[in-house]
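S.K.: just the structure for this:
(2 chains)
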Amino acid sequence: MDPKNETVSPSRRTPRGLSRGLLTVVAALALLVVAGFIFAPSSVSSGAVQSMLPFAAVLAIVALGQTLVVMQGGIDLSVAGSVSLVIVIVTHQAYGDDSKVLPAALLALGVSLLTGLGNGLLIGRLGLNPIVATLGTNALLYAAVLAVSGGTPRQTTDLLARLAGDSALGIPHAVLVAVLATAVVTVVVKKTASGRRFEAVGANGSAAWAAGLRVQGFKAGGYVFAQVFYWLGALLLAGILNKPTAYQGDSYLLASVAAVVLGGTSLLGGRGNLVATAVAALFLIQLDQFVLALGFDFAGKTLVQSAAFAIGVALYTINWSRLRRRSQRPASTVPA
Amino acid sequence: MTPHGAAGAVTTDGPADPVPVDVATDTETETLSEMPTETPTEGLDVTRDTAVIAESAMVLSGISKNYDGVAALTDVSLEIRRGEVHALLGENGAGKSTLMGVASGEVSPDAGTITGAGRLIERLSPALATQLGIAIVHQHPAVLPDLTVAENIVVAVPGAVLGTGAEQIRTMQQMLADVGSSAHLEDRVGNLSVAQRHLLELAKALAVEPKLLILDEPTAPLGADSVDMLFERVRRAAATGTAVVYITHRLAEVRELADRVTVLRDGKVRGTAEVEAITDDELLSLIVGRQLESTFPVKPPQDELGDGVLAVDGISGAGFSDVSFTARAGEIIGVSGIAGNGQSEVLRALAGLTAFSGSVTVGGASRTSRDLRMRSAYLPADRHDEGLMMTLSVRENAALSALDRLRGRVLLSRRREDTLVGAELTALDVKTASPETVVSALSGGNQQKVVLARALLSRPAIVLADEPTQGVDVGARAEIYRILREVSAAGVPVVVASSDAKELEGLCDRVLVMSRGAVLDVVEGAQVTEERLIHSAVSATVHQGGASRTAGSVSTRRSRFLTGDYAPVVILALVMLLLGAFVLSQNSRYLAPFNLTSVMTSCAALGFIALGQTIVLMTGGIDLSVGPLAGFLVVVGSFFLTAEKSAAVMALGLVVMLAVAAATGAANGSLIRFAKFTPVAATLASYIGIQGLSYLLRDSPGGNIAISVTRLVKTKIGPVPVAFLLLVVTAVVLEYALRRRGPGLRLRAIGSDEDAARRVGINVGRTAVLAYVAASCFVFLGSIVLLGQLGIGDPAQGVGYTLSSITAVVLGGTSLLGGRGTFIGTLLGAGLIVQVFNAMVFLDLSQTWQYFFQGALIVAAAVIYSQVRRVRA
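M.R.: Got it, this is the predicted structure:
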């Protein structure tokens, strides 16, 4: 142990309002845009951006929900089933009838809240492993998806398509909703007493318990609020897509976790970088555009995603300054 | 003062003391000069050294060790001779355990040399120490809670000692009987009492007939009969030439057992003597010696104390019983005693963290445990675990318990927070670059002040401080004492537990001395002195409640089954039989050979992959990449195993597939162990990447597998596919290895308790990486079956195996926390999943039900298993 390790190194400081995760992911996005202008101008054309943004918005919203769960040291595999279920409920229940959109959306919200409560009960109260519990609820959700839809897609409803797909002042509605959602969740987590306690419980449950907080309730709450975000994201997606499939949520599982991790929120729980998660979602979708514009196929796109993800994690987990010092003396085994 | 001047510097005397702040230097030198020295300190005399080494079991010289800049050991030299019992005395934090950590290879010293078995040891590891015949009985036993007693012995004791088969069992039973343990070999160690775990630790150490036996406060959790047995065993070992180091606090034990004694204080040797040649008073003065530093705040005179603010009346709970005391405003209550005698437990109960019976009245109102948790401020001994949110900032940590006061109209007012927290941080003189600094970047003393800041900002009804200055530098200590005194003066009851009697002397007005969970003595006013407190504590010879502590309950065959890993297997088998019977009653073609073959083939692919997943989960990890890997290997195979290829190319293809699998496992394991990825993050990265590789090789299905190959894979004996038979055989072999062979035990050991596994000499990093490699190799086996089933390289296939393999493992009862599980259970779990899917067809149920049953099964299994485990605990 070197006493110098105990002194404050610049990298461990968190300047007001700018987390390391946000800085990293904003820099990455800027780099990507610049690279786009140089190597693949079609990836940054206004048409490409306009068509990409709504999908980035949906991923951002879903990933915000996943962030809340990850902040509690959990992971939510039921995001796939939840998104799919909300989509089939609003497309099948309200099929071709604008007046049924609202009741269907509310029904879907109710189902989402129930799912969240179920997850929260299993994980927060009964102490199940989050992977196991949400794996189970995900299967149950898919049972419901099939029960509602029979596995067949339906055309989305006009009202929903307008609400989710139109633009105001040149900005897609979905983007406005995503920005609003990010702002609200950030303010609630960072600026209210409950939000701050929520973050503290995620950072260290036993210390939070010793400090008199209701640990189980906060843990369960993460899963419930996450579902609200999945619901919102799915609702938008149901409007953006002309004919969403019954398995539309599948692609959001890995993507949402990737956005959370790239945003710098640790999978071990604790501080949530919510704005960074949203920016990371934008980065991931734009990365797809960029790679496709370069002429890569699905395979290349997936490989680039994997590399971006691994590099993103390594930026946070590997203690680079220690690694640089390694040449002088053997490193000790303190995990980052 | 170090005998025999073994190679290296010998400077423990006062004047040469490298630490300038030690106030007591002069008095020490005096005391030391009176000490009987058996041999004069000599320089580097090579011939003499060789002679010494020959009669010594171990010579430590010039050992120094720093933790975070705080010296734990400074230039300590110690020689331990064959056949002697060498007592190591000193207060808590004197460095005894660290020194013995060095001697047993668990702690690597910053400076100094270790000579053992007649030669200089360059780098001592726990494994090497075991080879050299060094055995240690830890204060916190290095036992693996998820393993049985027998498995704990097998994993720690060399095979040569234990023998094999029936002889092995007899040896192990004899080992337990020798230390008077009533534990059964098949008992899970996690279910044993603390005393039984200590006896197991002792049995493991004695079994190897060590050349050097180190006992770290072995009597603390033991009852009277066990202590007698222990002394007898120690004497017997010494008589056969074993060198014994006996760490203790109790003078009585030194007198009864030891030949020589070495006293440590503040990480330095204060003297070594023949026990017969030194009096208790001389020993005490060596242990104590330190002068009261003038950093304590002034105590209020007795007559200026206020009204009673705290009344604790006959509270009992886990680890303590019938504790009563009162406190008046302005009075600080101390809780003293040798560490681990119930002090922390009393504080935790008063903080509302553990249940208690009896009554607690704070400020005139009776308080329940729940009230106490909400209203108390608890400063834990372990700040990392229960005190601070290490990843959050100083401000966020300090403000946590005062958030209700920081509210503006709707939201928290950052201005108010900055002001309030800033003022508190200034008042406590917290040294931090900024309130936004991550709290883990602060020194121990400043971290403790942040905990204090939170406590004070919460306006607590009572303050409970457990070892408030542990790991805190001298300057910050004085500040912490001052703050506690101020809090107390304001009328808030303050209770401080400390194993540093000097600290209690300086800080407290009244001190309870605890021993084995009971209050032994209450010392007040001018009586509160270090000598008095230590005297009370170390002269305690009572071994209360000995019988009940040692005996423990004797387990029955039934309880061992329920606490074992095989209960889920039986449950699963029953469920499968019932399901089978029901389906058969609905559709008689269920048992047709064609259907049986198809079910067993599907089961083979999933089964192999799930076995791999089990290996990883056993270590406490998870492998999300198994599904894509299985698909990818089929795609790779589809380039080699096609009709027109020669046998040699096909063989090469299999080698390539295996190599790809092993490389994937190595990459996963390395990312996790060396790059510190969480298992989810690491295997998620490979999940995505491998999928990309599949599509890179084939963007659509292609490469028809040769009929000869698929036919070979689908070979049957009667209706039973050979692949399925191989799966069953593999599962049984793995199960055997898991219970009886080194690799299996090591696998479960690192999942059960990584730290304890390291201490019994297991290479944790290598074992974990190999687990991921092994898992991927089983995915390779699964992919061969899959290849035969699919008959074509399809990049979209395989992904689903990730989730279904996890489902199979969970159904089989393997814990995702690591350390326990069964391969047989996984096999049945995989079987049940395939059976459910198949049954849906026969019952004419839709896919909806397929998903429903899968989800319901996994949730039900997880809930039932977790509840059963909780009941056991």
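
S.K.: all contacts plus neighbour counts: C-alpha atoms, from now on.
M.R.: Will do.

S.K.: could I get the contacting residues of the residue lying closest to A:Ala105 once chain neighbours are set aside?
M.R.: Leaving aside its sequence neighbours, A:Ala105 sits nearest to A:Val90 (Cα to Cα, 6 or more residues apart in numbering or on different chains; 5.9 Å). By Cα atoms under 8 Å, 6 or more residues apart in numbering or on different chains, the contact set of A:Val90 is A:Val101, A:Ala104, A:Ala105, A:Ala108, A:Leu235, A:Ala238.

S.K.: what residues of the helix or strand that contains the third one count as buried?
M.R.: Going back to what we said before, that points to A:Ala105. Using DSSP states H and E, A:Ala105 sits within helix A:101-120. By neighbour count on 16 or more other Cα atoms under 10 Å in any protein chain shown, the buried set for helix A:101-120 is A:101, A:104-105, A:107-109, A:111-113, A:115-120.

S.K.: show residues contacting the helix or strand following that helix.
M.R.: The helix or strand immediately downstream of helix A:101-120 is helix A:130-149, counting by DSSP H and E. With contact meaning Cα under 8 Å, 6+ apart, helix A:130-149 is reached by A:74-82, A:84-85, A:88-89, A:92, A:115, A:118-119, A:122-123, A:151, A:246, B:803, B:806-807, B:810, B:847-859, B:862.

S.K.: do the same with stretch B:388-408
M.R.: Residues from elsewhere that reach stretch B:388-408 (Cα under 8 Å, 6+ apart): A:14, A:192-193, A:196-197, A:200, A:203-204, A:207, A:211, A:270-271, B:384, B:412-414, B:416-418, B:421, B:435-440, B:447, B:450-451, B:453-455, B:457-458.

S.K.: next: stretch B:364-371.
M.R.: B:309-310, B:349-356, B:359-361.

S.K.: what parts of the stretch 101-250 of chain B come near chain A?
M.R.: Within reach of chain A by Cα under 8 Å from any Cα of the partner chain, the stretch 101-250 of chain B has no residues at all.

S.K.: what about the strands in the stretch 101-250 of chain B?
M.R.: All strands of the stretch 101-250 of chain B, identified by DSSP state E, counting those that start in this stretch, fall at B:111-116, B:119-121, B:134-137, B:212-216, B:243-248.

S.K.: now those as JSON lines including mean pLDDT?
M.R.: Output for the strands of the stretch 101-250 of chain B, formatted as JSON lines (pLDDT from 0 to 100):
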{"stretch": "strand B:111-116", "mean pLDDT": "85"}
{"stretch": "strand B:119-121", "mean pLDDT": "82"}
{"stretch": "strand B:134-137", "mean pLDDT": "87"}
{"stretch": "strand B:212-216", "mean pLDDT": "88"}
{"stretch": "strand B:243-248", "mean pLDDT": "88"}
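
S.K.: could these go into JSON lines alongside distance to B:Lys96 and mean neighbour count?
M.R.: What follows is the strands of the stretch 101-250 of chain B, written out as JSON lines (distance: least, Cα to Cα, whole Å; neighbours: other Cα atoms under 10 Å in any protein chain shown):
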{"stretch": "strand B:111-116", "distance to B:Lys96": "16", "mean neighbour count": "21"}
{"stretch": "strand B:119-121", "distance to B:Lys96": "21", "mean neighbour count": "14"}
{"stretch": "strand B:134-137", "distance to B:Lys96": "13", "mean neighbour count": "28"}
{"stretch": "strand B:212-216", "distance to B:Lys96": "8", "mean neighbour count": "26"}
{"stretch": "strand B:243-248", "distance to B:Lys96": "7", "mean neighbour count": "26"}
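
S.K.: and of the ones you listed, who's closest to B:Leu128?
M.R.: strand B:134-137 (8.7 Å; Cα to Cα).

S.K.: which elements pack onto the closest one?
M.R.: Where contact means 3 or more Cα pairs under 8 Å, 6 or more residues apart in numbering or on different chains; DSSP states H and E, strand B:134-137 is packed against helix B:194-207, strand B:212-216.

S.K.: which stretch among those comes nearest B:Ile462?
M.R.: Proximity to B:Ile462 (Cα to Cα) singles out helix B:194-207 among the helices and strands packed on strand B:134-137, at 31.0 Å.

S.K.: ignoring the adjacent residues along the chain, who's closest to the residue of the stretch 201-336 of chain A found nearest chain B?
M.R.: Closest contact between the stretch 201-336 of chain A and chain B, by Cα to the nearest Cα, is at A:Ala207 (3.9 Å). Using Cα to Cα, 6+ apart and skipping residues adjacent in sequence, the residue nearest A:Ala207 is B:Glu386, 3.9 Å away.

S.K.: what of B:Gly829?
M.R.: Per Cα to Cα, 6+ apart, closest to B:Gly829 is B:Ala808, 4.3 Å.

S.K.: could you check how far that neighbour is from chain A?
M.R.: From B:Ala808 across to chain A, the span is 11 Å (Cα to the nearest Cα, to the nearest Å).

S.K.: domain parsing for chain B?
M.R.: Split into domains by automatic domain parsing, chain B comes to B:3-133+B:210-287, B:302-537, B:604-872.

S.K.: can you tell me which of those comes nearest to A:Leu294?
M.R.: Shortest distance between A:Leu294 and the domains of chain B, using Cα to Cα, is found for domain B:604-872: 15.6 Å.

S.K.: so what's the gap between that closest one and the chain middle?
M.R.: Distance, stretch centre to chain centre, for domain B:604-872: 29 Å (Cα atoms, centre = their mean, to the nearest Å).

S.K.: B:Ile287 touches B:Asp266, doesn't it?
M.R.: No: if you go by Cα atoms under 8 Å, B:Ile287 and B:Asp266 don't touch, sitting 9.7 Å apart.

S.K.: nearest the geometric middle of chain A, what residue?
M.R.: For chain A, A:Ala63 is the residue whose C-alpha lies nearest the centre (Cα atoms, centre = their mean; 1.0 Å).

S.K.: before we move on, which element is it in?
M.R.: A:Ala63 belongs to helix A:46-71, assigned by DSSP H and E.

S.K.: quick one: that helix to helix A:101-120, angle?
M.R.: Going by axes from the mean of the first three to the mean of the last three Cα atoms, to 10 degrees, helix A:46-71 is angled at 40 degrees with respect to helix A:101-120.

S.K.: do helix A:46-71 and chain B meet at all?
M.R.: No: contact between helix A:46-71 and chain B is absent, the nearest approach being 11.6 Å (criterion: Cα under 8 Å from any Cα).

S.K.: nearest to chain A: which residue in the stretch 701-850 of chain B?
M.R.: Closest residue of the stretch 701-850 of chain B to chain A, Cα to the nearest Cα: B:Thr848 (4.4 Å).

S.K.: which ones are touching that residue?
M.R.: A:Tyr142, A:Ala143, A:Ala144, A:Val145, A:Leu146, A:Ala147.

S.K.: out of those residues, flag the one nearest to chain B.
M.R.: Using Cα to the nearest Cα, A:Ala143 comes nearest to chain B of the contacts of B:Thr848, at 4.4 Å.

S.K.: give the burial count for that closest one, as a bare number.
M.R.: 24 (other Cα atoms under 10 Å in any protein chain shown).

S.K.: same question for B:Ala526.
M.R.: Neighbours of B:Ala526 (other Cα under 10 Å): 9.

S.K.: and B:Gly612, that one's in a helix?
M.R.: Yes: counting by DSSP: H, G, I helix; E, B strand; the rest coil, B:Gly612 is found in a helix.
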